[in-house]
Structure formats: structure tokens, C-alpha cells
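Enquirer: task: produce atomic coordinates for the following.
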Amino acid sequence: MTTRIETTRHAVPLMGTVFSLCLLASGDRASRAIEAAIAELRAVDTAFSPFRADSLVSRVRRGELAPAAYPPLLAEVVGRCGAMTVATLGWFDPWALPGGFDPSGLVKGWGIERAATRVLDAGVRDFAISGGGDVVVRGTGPTGPWRIGIHGPSDPHTVVLVLEPTDAAVATSGSYERGPHVIDPHTGRPSTALASATVVGPDLATADAYATALYAGGPAGLRWFAPAGGYHALTLDHQLTATYTDGLPERGSR
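Expert: Predicted coordinates:
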């Protein structure tokens, strides 16, 4: 006899995109997990949105917060951004963007990781949280391993590659949703050479920053990206040709 797996899904618009949650749980446990995850995502948006005049990021941009006065969450994000600027040879640089400091290329993944922790705290072990090209998966999906599709630039229904990571994070940077918005920090202009860049690894904030840097750097990006600490990458050009590092988990066509 096959046991039916109860699945709960929820979606919420935030940060200029839509966050989706799929939990292999139901009832009060699923409701508590979803409520806690969404509260965390809202708090991250409130603190770090560059579009909110009262956010911590906006206060930094206006010079209202000195580094010595940064609250712990802001200090953590600034520290991680600095580390990723070094790790990407400056291709991820939130301080070199038009308008001033903008950690969005790391914060969305960081926020989803924090939301995932809230889901785990609520007692749910099998789930996926996604938003704007960033995904965290834990445990298994409703029918087996979680399957994450990488789609082409012109048709979101055309899946070019499928990944099957386990307890991992997948971040994709591209112009699918918002048009050319990823800035080359060395020129100050939008990067358009690639269709997308994807990074798989254990932590979504790090993968998010790596994917942003690879997309900004264009086809030569994989030359400086050295798979380490369990992170692997692929880039997709406008002819839908994929280039990837060794060790990318369970890749294949749809």
C-alpha cells in the first residue's frame, strides 16, 4: 500500500518577485512553518530593500549609519559581501553599483536560507523554498528527489537542463524576470553577454553572490571560478549552450 504524502504549497510576492514554498507537511505544522518563513522574508525585505526609504540599506546610502553603529544583521551582511567581493575578484561588488551600496545579489539568497531555518525549526524536514531564481531544497520532494529546471531566456517553459541536488542551494542570475539589471561593477553598465549563470552549493547566500558575479563577468567568468567548498557552476549563453564545472549534481536534459 502506498502512503499518500501530504503537500502544502504557498506563494507570496516580495522583493519584486514571487517566493514559493512547497512543504511535505500539512495542517498546523505546515501553517506554522509557512508563517515563520514568510515573516523572516518580510523582515529581510524591510531591512535590506534599496527601494524602501526606511531600510538599513537606504540609511547606509544616505550616510546615516556609521560602520560602528551597524546592527548585527547589517554587520553580518556587510561582512559577507566583503568576503564575496574578494572571492570573486571584484565581480561581485555591492559598493560599485549605481546608487550606492546594494547587497541584493547576496541578500535574497541569505533571506531564503534564514526562512529555511525557520521551516526546520517548525519541524518540517522535506521542503523547497524558491524566489527570483534562488532555491533551497531539503530532504526529498513529493515524488522523489527535488528537480530544478534551468530554462532558456525567451521561454520559461523551455527547460534546458535539470538539476537534482540534495540538501542544497541553487542560485541563478539572469535577465529573465527583470531585464538587464545585473551590473558589471567594472563598467557600471548592465551585463548582457550570458543568458544566465547558475551556482549549486551548500549555502544560498554564497551561491547567490557567485551567480551574480559569474553573470556579470560574462563567458570568461568560469576562468576565475574555482570549485571549492562544494560549489559548482554552469553558464548558459544565448544559443542555449551550457558550460559547467565538474561535479555539478545530476545534470541532464528534461
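
Enquirer: from Asp45, how far off is the nearest residue to Ser49 once chain neighbours are set aside?
Expert: Distances taken as CB to CB, 6 or more residues apart in numbering place Ser55 nearest to Ser49, at 4.9 Å, with adjacent residues excluded. Heads up, the C-betas are built off the backbone N, CA and C, glycines and all. Applying CB to CB, to the nearest Å, the value for Ser55 to Asp45 is 8 Å.

Enquirer: the residue nearest to Ser49 against Val44, yeah?
Expert: No. The pair Ser55 / Val44 is not scored as a contact, 10.1 Å apart, by CB atoms under 8 Å.

Enquirer: the more surrounded of these two?
Expert: Neighbour count, other CB atoms under 10 Å: between Ser55 and Val44, Val44 has more, with 21 against 17.

Enquirer: local confidence estimate at the more buried one?
Expert: Looking at Val44, its pLDDT is 97.

Enquirer: that one belongs to a helix?
Expert: Yes. The assignment for Val44 (DSSP: H, G, I helix; E, B strand; the rest coil) places it in a helix.

Enquirer: you'd agree it is up against Val107?
Expert: Yes. Using CB under 8 Å, Val44 is in contact with Val107, at 6.5 Å.

Enquirer: got the buried residues for stretch 38-57?
Expert: For stretch 38-57, a neighbour-count test (16 or more other CB atoms under 10 Å) marks Ile38, Glu40, Leu41, Val44, Asp45, Ala47, Phe48, Ser49, Pro50, Ser55, Leu56, Val57 as buried.

Enquirer: tell me the phi and psi of Val137?
Expert: For Val137, the backbone dihedrals (degrees, to the nearest 10) come out as phi -120, psi 140.

Enquirer: still on that earlier bit, quick one: residues contacting the residue nearest to Ser49.
Expert: Applying CB atoms under 8 Å, 6 or more residues apart in numbering to Ser55 gives the contacts Thr46, Ala47, Phe48, Ser49.

Enquirer: going by distance to Ile148, which of those residues wins?
Expert: Using CB to CB, Phe48 comes nearest to Ile148 of the contacts of Ser55, at 24.8 Å.
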